[in-house]
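[1] Kindly generate the corresponding structure for this input.
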Amino acid sequence: MNPIGALIFSLCLGLVALPASAQTTNVAFGNTKADPSQPVEVTADQLDVNQEDGSAEFQGNVLISQGVMKLSAKRVLVIYSQDEKAIDRLEATGDVVLVSGEDAAEADRAEYTIASGVIVMTGNVLLNQGPNVISSQAMTVNLTSGTAQMTGRVKTVLNPDGNNGNN
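    Have a look, this model is predicted:
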């Protein structure tokens, strides 16, 4: 094999060896920064409270609002801190939709850690930003900075004419 062929072969081999999870894309999320210290409003069809472990489970058409952030799901488990004076995190499952400003993301599951303002969405993540759509296996949203990081098999469609669906 000639030297140029060997170089091309080794470069291709190196690209093939990269794991899919190495793909990461940073994007803006929401047009305004959220404030995780604001009250959390929850609406649902049903509520079950577990006094032993300090949790509350909301089921059916769950809608969570906190300032500009809206999250909906089939089920949301609210887990309180050990002293039960504050919400530690929310675990949402089933048709999860997160909306902040004009941006919206869908996933199978989301976990929102209130103190840090971070939401981790996993499973069939789809981010809609106007005419642009990006999919991945997971997305971490930082509500206080208004940024998101998408990881795992990241996919989007880019139109060379710059149209991206706009007429």
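
[2] Mind jotting down where the helices sit in this structure?
    Residue ranges of the helices in the chain, as given by DSSP state H, are 3-16.

[3] What ranges does it have for its strands?
    Remark: strands assigned in the chain by DSSP state E are 24-28, 41-43, 46-50, 55-66, 69-80, 87-100, 103-113, 118-129, 132-142, 147-151, 155-156.

[4] quick one: strands adjacent to the second one?
    Just to be clear, that refers to strand 41-43. Within its sheet, strand 41-43 is paired with strand 55-66 (antiparallel), according to DSSP bridges.

[5] Any buried residues in the strand it pairs with, and which?
    Of the residues in strand 55-66, those buried by neighbour count under the rule 16 or more other CB atoms under 10 Å are 55-59, 62, 64-66. In this view, the C-beta of every residue, glycine as well, is placed from N, C-alpha and C.

[6] before we move on, what about stretch 110-125?
    Buried residues in stretch 110-125, counting neighbours by 16+ other CB under 10 Å, are found at 110-112, 114, 117-122, 125.

[7] rewinding a little: out of the strands of the chain, flag the one nearest A34.
    Between A34 and the strands of the chain, the shortest separation by CB to CB is 4.7 Å, and it involves strand 69-80.

[8] what pairs with that closest one, and is each one parallel or antiparallel?
    Here strand 69-80 is paired, per DSSP bridges, with strand 55-66 (antiparallel), strand 87-100 (antiparallel).

[9] Can you lay out these as CSV showing distance to D35 and mean pLDDT?
    What follows is these, written out as CSV (distance: least, CB to CB, whole Å; pLDDT from 0 to 100):
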stretch, distance to D35, mean pLDDT
strand 55-66, 8, 95
strand 87-100, 12, 95
